[in-house]
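Trainee: Structure of the sequence below:
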Amino acid sequence: MAPNDILKAPINIAELLLSKKLEPLPADCQQRLAKVAALDVTNYSEMEVRSYVIDPIVEALGYEKGTVFEPTLERRVTFLGKHIFPDYQLALWNENFWLIEAKKPRLDKIAFESDDLRQAIEYSVHPTINASLVVLCDGVKLEVFDREASVEAPLLRVEIKNLVTDFDKVRALLEPMQVWFFQKRRVARLIDKVFDKEFNMRRVEEFAQLVEGRLNNKHQLVLENFRKTPKPDEGSDIRFINSAPALEIVEQYFFFDYPIPVVNAIDRRLAELSAPNSFQVMYRIFPDKLRDVNDTYMGHALTYLTRLGEQTPKALWMPTWLTKNTADKQDLEAVTKGLLKQCLTYFEDYPDYRTILLAANTFRRIAKIYAIAADAVRKTGAQMHALARHELPEMSWGQFLASPQGQIIAHMESAALIATKEFVRRNNGGNGGFKTESARHELRGLWQLELTLLRSISNYAKLRAERSLGEMAMVEWSSVAYDNLGHLTLVYLHPFPKWKAYALAEHGEQVETLAAMGAWSARELLGIPQEADVEPLDDTVIADRFFFRDVETMRALRSAYRGEKASHPPVSP
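Mentor: As a prediction, the model looks like this:
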């Protein structure tokens, strides 16, 4: 389902949160299952059914000895001193959750009989097993029973000859993560069974408190389990980047902030792709015609130049807007110095790119206002989170980090990127020209819209705190009172001591300006303690940088984001 369709279709969030989408079955598993389906089991013993039919099925489901999803064979359990030995007990994290009983093939029976099921049910109720799901298999057929729902008919019946085509039905019940979620649904089902007949509201409230207390007490245990659990691949981004083409790296990664190791992988890969000729990479990043960019994009572009300069002093082609002030049009160091200056001065020499950067941050701020204030957006976030819970592999970083707030942030960032791209398209003229005044006029209108939205909320600062999205980015203040591009530039220069020293030596005043706006990277470079007071900048300096010298609009937005009452009537959009 596409994100735009979320509000159009009814979504059962509770159902999605308690279920998990199947991942594609590997080809080698399909091949093994095809061999099982083709077996002639006419004269098989029960032991042969276990070895040649059930064992491959259990393996294909994802259970393996010595892992957290472990099959146990014929482990003794005791009833009133009598020892019995269930064929298979299937464990998740050392807890038994379901079992399989093998039977000798009965080709004359299309279904199992009561005696077959009775024995398995007896095993399932043992306290060390307590399995709701009970599976019978005789090499001809496989039946799954949910003993808490019905012992009159199976939940699923699959003929082994159809195992390949029907295996997803088996997986949907018996794969480790599917069983894990079945158990969670089992808990919810038991709550329904108990409280459907409740008549005392206080009892419901008391029970809710008890459950909440027990879950709260599990927090430390869950953290400890997380620490012990084998982690999903943490280097997937880096591995993808190491083999990706320039187009995918630039268009998928340049617009977002990443940890330094990922940033290093990005610029190293692009430098690698630039040998022996950097034209394709250079033109993708720096086309002659203005393109959609944001603060992070320009930070990545700068680190690409610095990394490329480590392997070659020259580039056969560079865009004219980057080389117009350099004598040698192929001198990488000169161009890198020029772009570094622009990143530290918020593109004071290139007002059209400054306008695009300001628009990108404005769209982002407006999207954040809607994300905080609009209940429909928050509802969409909850629904998208439920879909992500259902769709993403359970053992993935995306799953570990998933939250409704994260979905809202992703939606917010996506909306801002789309709006910026459209802003640039509207204002790009023919022959590579940019409609400077049209773009500025539109941007001024966006600031008025932003003010109108903020003033329609009694106290945005307080509402934002109560509905926090938990993100670390200074969205509200970027290009209002804070230079996010300058800060990111200094952060991204960390692996390049030469260029950090150059920035301090040649652009010390700009670094001090960034420190005065609160950039910790600038304070660190200047040796200023993070908690130390720094003399604030004059409002005219900030307005010149971010608002085309419009001090009143800058002050109005700053006050509105602080939650201060406006001293004049709301601005018309």
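
Trainee: how about residue 163, what does it touch?
Mentor: 33, 34, 36, 37, 57, 142, 170 (C-beta atoms under 8 Å, 6 or more residues apart in numbering). Placement of C-beta: from N, CA and C, glycine included.

Trainee: Can you check the pLDDT for it?
Mentor: As summarised for this prediction, residue 163 has a pLDDT of 94.

Trainee: Next one: it from residue 61, what distance?
Mentor: To residue 61, residue 163 is 12 Å away according to C-beta to C-beta, to the nearest Å.

Trainee: what sits in contact with each of the two?
Mentor: Common neighbours of residue 163 and residue 61 are listed as residue 170 (criterion: C-beta under 8 Å, 6+ apart).

Trainee: average pLDDT across stretch 458-467?
Mentor: Rounded mean pLDDT across stretch 458-467 is 92.

Trainee: is it true that residue 428 touches residue 290?
Mentor: Yes - using C-beta atoms under 8 Å, residue 428 is in contact with residue 290, at 6.3 Å.

Trainee: Can you classify residue 306 by secondary structure?
Mentor: Following DSSP: H, G, I helix; E, B strand; the rest coil, we place residue 306 in the helix state.

Trainee: what about it, neighbour count?
Mentor: Using other C-beta atoms under 10 Å, residue 306 has 21 other residues around it.

Trainee: related to what we said a few turns ago, anything in contact with each of residue 428 and residue 290?
Mentor: In terms of C-beta under 8 Å, 6+ apart, residue 428 and residue 290 are both contacted by the residues residue 434.

Trainee: re the thing from before, can you pick the most crowded of the contacts of residue 163?
Mentor: Among the contacts of residue 163, the one with the most neighbours (other C-beta under 10 Å) is residue 142, at 25 neighbours.

Trainee: For that one, which residues count as its bridge partners?
Mentor: On the basis of DSSP bridges, residue 142 is bridged to residue 137, residue 158.

Trainee: Could you check the pLDDT of it?
Mentor: On pLDDT, residue 142 comes in at 94.

Trainee: where's it relative to residue 124, distance?
Mentor: Residue 142 is 16 Å from residue 124, by C-beta to C-beta.

Trainee: try residue 433
Mentor: Taken as C-beta to C-beta, the span from residue 433 to residue 124 is 75 Å.

Trainee: Neighbour count: the two, which is higher?
Mentor: Comparing residue 433 with residue 124 by other C-beta under 10 Å, the one with more neighbours is residue 124, at 23 against 12.

Trainee: For the more buried one, list the residues it contacts.
Mentor: 99, 130, 131, 132, 134, 147.

Trainee: Can you classify the residue lying closest to the fourth one once chain neighbours are set aside by secondary structure?
Mentor: Computed as C-beta to C-beta, 6 or more residues apart in numbering, the closest residue to residue 132 that is not its neighbour in sequence is residue 148, at 4.9 Å. Each residue gets one of three states, and residue 148 gets coil by three-state DSSP.

Trainee: since we're on residue 148, how many residues are nearby?
Mentor: The number of residues packed near residue 148 is 14, by other C-beta under 10 Å.

Trainee: for it, what are its contacts?
Mentor: Residues in contact with residue 148 (C-beta under 8 Å, 6+ apart) are 132, 186, 189.

Trainee: How confident is the prediction for it, by pLDDT?
Mentor: pLDDT, residue 148: 86.

Trainee: now it: how far from residue 39?
Mentor: Applying C-beta to C-beta, the value for residue 148 to residue 39 is 33 Å.

Trainee: can you check residue 360 too?
Mentor: Taking C-beta to C-beta as the measure, residue 360 falls 62 Å from residue 39.

Trainee: Equivalent analysis for residue 475, please.
Mentor: 61 Å.

Trainee: what's the answer for residue 157, then?
Mentor: Distance, residue 157 to residue 39, by C-beta to C-beta: 18 Å.

Trainee: Toward the C-terminus from the helix or strand bottoming out on mean pLDDT in the chain, list the very next helix or strand.
Mentor: One helix or strand of the chain scores below all others by mean pLDDT, DSSP states H and E: strand 88-92, with a mean of 60. Next helix or strand after strand 88-92 toward the C-terminus (DSSP states H and E): strand 95-102.

Trainee: Which strands and helices lie in contact with that following strand?
Mentor: In terms of contacts (3 or more C-beta pairs under 8 Å, 6 or more residues apart in numbering; DSSP states H and E), strand 95-102 is packed against helix 46-49, strand 88-92, helix 114-124, strand 133-137, helix 176-195.

Trainee: okay if I get those as TSV plus distance to residue 311?
Mentor: Shown next, in TSV, are the helices and strands packed on strand 95-102 (distance: least, C-beta to C-beta, whole Å):
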stretch	distance to residue 311
helix 46-49	63
strand 88-92	50
helix 114-124	65
strand 133-137	59
helix 176-195	45
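
Trainee: can you pull out the strands in this structure?
Mentor: In the chain, the strands defined using DSSP state E lie at 69-73, 77-79, 82-84, 88-92, 95-102, 133-137, 141-146, 156-159.

Trainee: gap between the longest one and the chain center?
Mentor: The gap between the average C-alpha position of strand 95-102 and the chain average comes to 34 Å, counting by C-alpha atoms, centre = their mean, to the nearest Å.

Trainee: what lines up beside it in the sheet?
Mentor: Next to strand 95-102 in the sheet, as set by DSSP bridges, lie strand 88-92 (antiparallel), strand 133-137 (parallel).

Trainee: Can you give me the buried ones in that strand?
Mentor: Going by neighbour count (16 or more other C-beta atoms under 10 Å), the buried part of strand 95-102 is 96, 97, 98, 99, 100, 101, 102.

Trainee: what does stretch 330-346 rub up against?
Mentor: Identification of contacts with stretch 330-346 by C-beta under 8 Å, 6+ apart yields 298-299, 301-302, 305-306, 308-309, 312-316, 318, 322-323, 325-328, 348-350, 353-354, 357, 483, 485-486, 489, 499, 502-503, 506-507, 510-511, 514, 545-546.

Trainee: Break this structure down into its domains, please.
Mentor: The chain breaks down into these domains under automatic domain parsing: 17-185, 242-346, 350-474.

Trainee: pLDDT-wise, what's the bottom of the contacts of residue 124?
Mentor: Lowest pLDDT among the contacts of residue 124: residue 130, with 75.

Trainee: returning to what we had before: could you identify the most distant pair in the buried residues of strand 95-102?
Mentor: 97 and 102 (18.5 Å; C-beta to C-beta).

Trainee: Excluding chain neighbours, what is closest to residue 476?
Mentor: Using C-beta to C-beta, 6+ apart, the closest residue to residue 476 is residue 561 (4.7 Å).

Trainee: number of nearby residues for the one you found?
Mentor: 20.

Trainee: quick one, what contacts it?
Mentor: 454, 460, 461, 476, 477, 480.

Trainee: Now do the contacts for the third one.
Mentor: Taking C-beta under 8 Å, 6+ apart as the contact definition, residue 461 lies against 561, 562, 563.

Trainee: tell me the contacts of the most centrally placed residue in the chain?
Mentor: Centroid check for the chain by C-alpha atoms, centre = their mean gives residue 398 as the closest residue, at 4.5 Å. Applying C-beta under 8 Å, 6+ apart, one finds that residue 398 lies in contact with 388, 392.

Trainee: Roughly how far does it sit from residue 177?
Mentor: From residue 398 across to residue 177, the span is 14 Å (C-beta to C-beta).

Trainee: likewise residue 62?
Mentor: Residue 62 is 8 Å from residue 177, by C-beta to C-beta.

Trainee: If you count surrounding residues, which of these two has more?
Mentor: Counted by other C-beta under 10 Å, residue 62 and residue 177 do not tie: residue 177 has more neighbours, with 19 against 16.

Trainee: Let me see the contact set for that one.
Mentor: With C-beta under 8 Å, 6+ apart, residue 177 has these contacts: 20, 394.

Trainee: returning to what we had before: and the contacts of residue 561, which of them are buried?
Mentor: Counted by 16+ other C-beta under 10 Å, those give 454, 460, 476, 477, 480 as buried.

Trainee: quick one, phi psi at the last one?
Mentor: By that I understand residue 480. Dihedral pair for residue 480: phi -120, psi -50, per degrees, to the nearest 10.
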